[in-house]
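sequence unknown, structure follows:
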Ligand SMILES: CC(C)(COP(=O)(O)OP(=O)(O)OC[C@H]1O[C@@H](n2cnc3c(N)ncnc32)[C@H](O)[C@@H]1O)[C@@H](O)C(=O)NCCC(=O)NCCS
Ligand SMILES: Nc1ncnc2c1ncn2[C@@H]1O[C@H](COP(=O)(O)OP(=O)(O)OP(=O)(O)O)[C@@H](O)[C@H]1O
């Protein structure tokens, strides 16, 4: 079973591209969704113990948590030490389940593939990319987004050019949905050939 890591910087079209893999019949594991589920379940107690006051009605409040960790690298490290092992366990369950089902390719959708070291646990890397001006226009169109927030998020991410350099495949999302879908299909064809 080939494990494909799918990543890309903010606003590059990662979720849209993940959906294309799903529509092509490939099982996709969404790491953001795993974290959201953990923050409503098994991660609540250990996070509340480490960061008192960040849970509300038994759910981790992401805004409160962000306020405590995003500007404090040491606090973020403590949070990651709680969250990442839980994410890895969920990922391993998914992989075992797909292996049992006989899947030949699975996609693991991870925004921070390079930043968290998850690149080491995949067999191929797909990076989703678009020209800078397209990315910026998409992100600034989101409610509540400002140039400053966008810049702060970008500063925490591995730059797009470096991501592309480390990728096995790049999906370009600046030329429309159909062009990207053709690239996704070409990647799947190539991966099948390599197996
Ligand atoms: C800090 C949290 C609460 C902020 O949640 P929120 O919904 O407001 O924003 P979101 O998750 O989209 O993150 C916003 C930006 O913060 C940065 N960021 C978040 N987590 C990390 C991290 N572990 N390392 C570096 N940057 C990070 C990224 O640039 C990201 O684009 C949340 O990101 C979190 O719990 N992070 C720690 C867990 C984690 O590592 N998750 C990511 C991969 S498993
Ligand atoms: N191939 C494409 N052609 C045209 N528009 C696209 C394409 N892919 C994505 N988009 C558009 O770009 C925007 C961002 O896409 P998406 O939500 O998939 O990005 P993302 O990388 O998952 O974002 P983030 O990581 O910030 O959550 C959306 O408005 C989406 O419709």
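In hand now; what should we look at? Quantities reported herein were computed from a predicted structural model and do not represent experimental measurements. Ligands and ions are numbered 1, 2, ... in the order given.

drop to CA atoms for contacts and neighbour counts, all remaining ones
Fine.

so what's residue 54 up against?
When contacts are counted by Cα atoms under 8 Å, 6 or more residues apart in numbering, residue 54 touches 47, 48, 60, 61, 62, 64, 65.

avg pLDDT for the lengthiest helix in the chain?
Longest helix in the chain, counting residues (DSSP state H): helix 73-101. Over the span of helix 73-101, the pLDDT mean works out to 95.

any buried residues in that helix, and which?
75, 76, 79, 83, 86, 87, 90, 91, 94, 95, 98 (16 or more other Cα atoms under 10 Å).

what residues does the chain put near ligand 1?
With Cα under 6 Å from any ligand atom as the criterion, the chain meets ligand 1 at residues 62, 63, 65, 66, 70, 80, 83, 84, 112, 153, 156, 157.

and the residue nearest to residue 8 when sequence neighbours are not counted, how far is that from residue 58?
Nearest residue to residue 8 in three dimensions, chain neighbours excluded: residue 128, at 4.8 Å (Cα to Cα, 6 or more residues apart in numbering). Going from residue 128 to residue 58 by Cα to Cα, to the nearest Å gives 35 Å.

again, but for residue 79
Residue 79 is 17 Å from residue 58, by Cα to Cα.

quick one: secondary structure of residue 128?
Counting by DSSP: H, G, I helix; E, B strand; the rest coil, the backbone at residue 128 sits in strand.

is the helix or strand containing residue 186 anywhere near ligand 2?
In the assignment (DSSP states H and E), residue 186 maps to helix 177-194. Yes - judged by Cα under 6 Å from any ligand atom, helix 177-194 and ligand 2 are in contact via 177, 180.
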